[in-house]
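Enquirer: Sequence first, then the predicted structure:
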Amino acid sequence: MNYFEYRHIVGFEDTNLVGNVYYTHYLRWQGRCREMFLRRHAPELLAELREDLRLFTLNVDCQFYAEITAFDEICVRMRLIDLAQTQLEFGFDYLRLDSGGGETLVARGRQRVACVRGAGGGTAPVRVPGALTRALAPFAPSGAEPSGGRAS
């Protein structure tokens, strides 16, 4: 298993007037999945994030394949796609979990993130912290080890 999993039960607050999930919630769940990954696998990074380290989202997208509605249980699976010197790219699969143990792919997304340091308007790119690189190693693409060596 080379993905991190975040589970969510869709509530009415996640839906629009028609009763299906509004697209911005898929993007919010990407962020939540990333946060829960950091909390569980890189807790030592949290202090740096409280100070001046920022994981700045450069690009995000999501493709939708099926609708989900209130009380659906979903699973967001995050995997590492790319690890460069100062940037990361994650992939996200959104699965609806069926009561019988099955799952249906309902959406797929990506997110490109840059590591920067600085407060206010003065930020500068920095290398992906070693703690994050180590935490991501088990989630690297099959047969690949994240090296952080490529320039970005």
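Expert: Noted; the coordinates are in hand. Numbering: from 1, shown residues only.
Enquirer: Every contact and neighbour count from this point should use C-alpha atoms.
Expert: Noted.
Enquirer: show me what contacts the closest residue to Glu44 other than its chain neighbours?
Expert: Nearest residue to Glu44, sequence neighbours excluded (Cα to Cα, 6 or more residues apart in numbering): Ala131, at 7.2 Å. Contacts for Ala131 (Cα atoms under 8 Å, 6 or more residues apart in numbering) come out as 42, 44-45.
Enquirer: from the chain's centre, how far out does the host helix or strand of Arg134 sit?
Expert: Element membership of Arg134, judged by DSSP states H and E, is helix 130-136. The chain centroid and the centroid of helix 130-136 are separated by 15 Å under Cα atoms, centre = their mean, to the nearest Å.
Enquirer: quick one, strands of this structure?
Expert: 4-9, 53-64, 73-83, 87-97, 103-117, 124-125 (DSSP state E).
Enquirer: CA atoms of stretch 26-38 as PDB?
Expert: The C-alpha trace of stretch 26-38 is given here as PDB (Å, rounded to 0.1, in the frame of the first residue of the first chain):
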ATOM      1  CA  TYR A  26     -13.100  17.800  -2.900                       C
ATOM      2  CA  LEU A  27     -10.300  20.400  -2.800                       C
ATOM      3  CA  ARG A  28     -10.900  20.900   0.900                       C
ATOM      4  CA  TRP A  29     -10.600  17.200   1.500                       C
ATOM      5  CA  GLN A  30      -7.200  17.100  -0.300                       C
ATOM      6  CA  GLY A  31      -5.900  19.700   2.200                       C
ATOM      7  CA  ARG A  32      -7.400  17.800   5.100                       C
ATOM      8  CA  CYS A  33      -5.800  14.500   3.900                       C
ATOM      9  CA  ARG A  34      -2.500  16.300   3.600                       C
ATOM     10  CA  GLU A  35      -2.800  17.700   7.100                       C
ATOM     11  CA  MET A  36      -3.700  14.400   8.700                       C
ATOM     12  CA  PHE A  37      -0.700  12.800   6.900                       C
ATOM     13  CA  LEU A  38       1.600  15.400   8.400                       C
END
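Enquirer: All good on my end, thank you.
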